[in-house]
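>>> Just to be clear, the model below is a prediction. Sequence and coordinates:
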Amino acid sequence: MQLYGSYLTLREQRELLAMQEIWYLGLQNQARGKYNHGYDDDQHRYIPVKHEHLNFRYEVLKTIGEGGQGIVVECLDHMTNTLVAVKILRTPLSAMNNNFQLREIQIGIILQESDTDDSNIIKMLDWFQFRKHYTIVLELLSGTLDDWIGNRKSKSLRMEMVKIYTKAILTSLRHIHSKTIIHGDLKPENILVKDRVAGTIKVADFGHSFVEGYPTSLTFSTVKHMSPEGILGYSSTNSVDMWALGCTVAKIATGKSIFEPINFYDQLGCCMEVLGLPPDYLVNNAPKRKKYFACSVTRAACRMHPPRSQRCLAAIECQGVAPLSKLLANYDPEFVDFISCCLQ
């Protein structure tokens, strides 16, 4: 305070006095946004500034990711003198959002228990609350599988590497499911590459994860990897992760997604185009059946919600017009069978 107090706002002085340990102090932490005393943008995401501090320990170096949940910045941890990734979640504006973000942290802690590098789960190193934001410190890795797929420009990957990545993802899912946790948003964007040559990866981003039996909504999962039971309103089991695994592995191999919906309501139609009509029992007992089907699926009648479900209506007429065997025509039948078994 004697050295730098005159450079700090009253709010920053209070933050400083509340700390037990000071590892780093940046003088670039001035407010620059519209919300949360000027620290947030209009989406309630924290606005980072290069060389400012986070919790008087982490020095912000650059932004490396942005998403609906917040931002990720690369930082220097001045206590350990190592580079880390810091995920700064959006300011929770309700008790529900607050609980949702705390759940991500709690799941991260559970997954660290008895974890080793062999589990292929990203390491959570620390967490804290800073300027109303829950903040999670993670090990820093080079990039995502999605980045790599994009760099390949949809070129196919050698099947031997596809097998290596698939086994690594399955290893992580085995660890996650052993804790009775469902990832809920498995996709190439949430799989980080540790060593591209060796094919080692770490599964990350548990913002949509939940414990089995936890009441869920349709907020989990990326739409193009979302299973029909999620769309139709069923409670989720870890089978939704296996569905997402099939979508993920197919994209790793081909560079393209199996399903390409234009919006949430379009996904069910995409699934029917590739896999045909869902089983009668799945539709007839679905909590949200009437949202998509006028009656039982055996009647082959789809409730129309133009324009958002045109594909869903068309899929009744042209179910199975783009089967997996056609989409994956250049691949070994055993690989096609593996993807098909995931998409049950």
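Yep, it's here.

>>> Which residue is the nearest non-sequential neighbour of Gln112?
If you skip the residues right next to it in sequence, Gln112 has Met124 as its closest partner in space, 5.7 Å away by CB to CB, 6 or more residues apart in numbering. For glycine as for every other residue, the C-beta is placed from the backbone atoms N, C-alpha and C.

>>> So Tyr7 is in contact with Leu25, correct?
No - contact criterion CB atoms under 8 Å: Tyr7 and Leu25 do not qualify, at 9.3 Å.

>>> Show me which of those two is the more surrounded one.
A direct count of neighbours by other CB atoms under 10 Å for Tyr7 and Leu25 places Leu25 higher, at 19 against 12.

>>> show me the contacts for that one.
4, 16, 53, 56 (CB atoms under 8 Å, 6 or more residues apart in numbering).

>>> so the third one bridges to which residues?
When you say that, I think you mean His53. For His53, the beta-bridge partners under DSSP bridges are Glu59.

>>> Now do it against Asp41, distance only.
Separation of His53 from Asp41 (CB to CB, to the nearest Å): 19 Å.

>>> quick one: which of those two has more around it?
Comparing His53 with Asp41 by other CB under 10 Å, the one with more neighbours is His53, at 24 against 15.

>>> can you tell me the helix or strand for Lys50?
Secondary-structure element containing Lys50, defined by DSSP states H and E: none, the residue being outside all helices and strands.

>>> For stretch 250-266, which residues meet the burial criterion?
Of the residues in stretch 250-266, those with enough neighbours to count as buried (16 or more other CB atoms under 10 Å) are 250-255, 257-259, 261, 265-266.

>>> what's the offset of it from the middle of its chain?
15 Å (CA atoms, centre = their mean, to the nearest Å).

>>> Let's see the distance spanning it from one end to the other.
From the first residue to the last, stretch 250-266 extends over 20 Å; the measure is CA to CA, to the nearest Å.

>>> and the gap between Lys224 and Leu327?
The gap separating Lys224 from Leu327 is 14 Å, by CB to CB.

>>> ok, now Trp23?
52 Å.

>>> just to revisit the earlier point, report the contact partners of the residue nearest to Gln112.
By CB under 8 Å, 6+ apart, Met124 lies in contact with 105, 108-109, 111-112, 136-138.

>>> now with 10 Å?
If a contact means CB atoms under 10 Å, 6 or more residues apart in numbering, then Met124 has 87, 104-105, 107-109, 111-112, 115, 136-139, 204, 206 as its contacts.

>>> so what's the backbone phi/psi at the residue nearest to Asn98 when sequence neighbours are not counted?
Excluding the flanking residues, the one nearest Asn98 by CB to CB, 6+ apart is Pro92, at 4.0 Å. Dihedral pair for Pro92: phi -70, psi 120, per degrees, to the nearest 10.

>>> number of nearby residues for Pro92?
The local packing of Pro92 (other CB under 10 Å) involves 17 other residues.

>>> hmm, which helix or strand of this protein has the shakiest average pLDDT?
Using mean pLDDT, DSSP states H and E, helix 310-317 stands out as the lowest-scoring helix or strand of the chain, at a mean of 51.

>>> rewinding a little: what sits in contact with each of Lys224 and Leu327?
Taking CB under 10 Å, 6+ apart as the contact criterion, the residues that touch both Lys224 and Leu327 are 258-259.
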